[in-house]
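**Student:** Mind looking at a prediction? Sequence and model below.
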Amino acid sequence: AQKVTQAQTEISVVEKEDVTLDCVYETRDTTYYLFWYKQPPSGELVFLIRRNSFDEQNEISGRYSWNFQKSTSSFNFTITASQVVDSAVYFCALSDAEDTGRRALTFGSGTRLQVQP
Amino acid sequence: KAGVTQTPRYLIKTRGQQVTLSCSPISGHRSVSWYQQTPGQGLQFLFEYFSETQRNKGNFPGRFSGRQFSNSRSEMNVSTLELGDSALYLCASSEEQGARSEEQYFGPGTRLTVT
């Protein structure tokens, strides 16, 4: 069975601080996808990134960066120079990559990030 | 392209009633998935439809059902509502082929309150 753990329930930072959101996953699949989604107060889940299990390169997109380490089953997300608009709940998710019919996302419990001005 | 749309956005029902929620995927997306989000259980997968067929189903009772139409629009139905069905129901769509086929894009959700 797949499992995603986000141990940090809530994080509070002051604007311009860097913050890292942790994600640890469990799966027996050899190929899989990892995702991060953002859920602002409006409720809609916003897609941020997808990572294939074969691709362990870190990725940077503006102030966002992701560190994928297969050896520790972790896919951590860092926001550099945080802004108030980054305040949201962030979800890490996992899905099977081999079977199209098993693309259901398994989500972590989410980390609520509050960025104070 | 327009995003995933869900109607209605808010709904209040009474225990024992049934409810139907609607989802229109992004144009060109043929797969539609449904998720339930509650404070206690978090985000849980309900089911996925592709080409009008249910392709995958989560661990929910038979009171939860869905369908997909030929234009890829989907509906989900919950019968004999229970208080515990109060939740945010999220619909997601994805392309069936191509480099981004596994990326799911979510709608704003329908918040169902059962009293």
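**Tutor:** Done, it's in.

**Student:** Could you list the low-pLDDT ranges of chain B?
**Tutor:** Applying pLDDT under 70 to chain B picks out residues B:97-101.

**Student:** Contact residues of it facing chain A?
**Tutor:** By Cβ under 8 Å from any Cβ of the partner chain, the residues of chain B that approach chain A are B:31, B:33, B:35, B:42-45, B:48, B:55-56, B:58, B:88, B:90, B:92, B:94, B:96, B:100-109, B:111. Any C-beta I mention is one placed from the backbone N, CA and C, and that applies to glycine too.

**Student:** Kindly recompute the last result at 7 Å.
**Tutor:** B:33, B:42-43, B:45, B:48, B:55-56, B:58, B:88, B:90, B:102-109 (Cβ under 7 Å from any Cβ of the partner chain).

**Student:** Select only the buried ones of these in ChimeraX?
**Tutor:** To isolate in ChimeraX the members of the residues of chain B next to chain A that are buried, counting by 16 or more other Cβ atoms under 10 Å in any protein chain shown, one can use:
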select /B:33,42,43,45,48,55,56,88,90,102,103,104,105,106,107,108,109
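
**Student:** Is chain B within reach of the helix or strand of chain A with the lowest mean pLDDT?
**Tutor:** Scoring the helices and strands of chain A by mean pLDDT, DSSP states H and E places strand A:59-61 at the bottom, with a mean of 84. No: Strand A:59-61 does not reach chain B (Cβ under 7 Å from any Cβ); its nearest approach is 14.6 Å.

**Student:** which parts of the very next helix or strand once past that strand are buried?
**Tutor:** Using DSSP states H and E, the helix or strand that directly follows strand A:59-61 along the chain is strand A:64-69. Buried residues in strand A:64-69, counted by 16+ other Cβ under 10 Å: A:Y64, A:S65, A:W66, A:F68.

**Student:** In TSV: the residues you listed, plus distance to B:T14.
**Tutor:** Formatted as TSV, the buried residues of strand A:64-69 follow (distance: Cβ to Cβ, whole Å):
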residue	distance to B:T14
A:Y64	44
A:S65	48
A:W66	45
A:F68	47
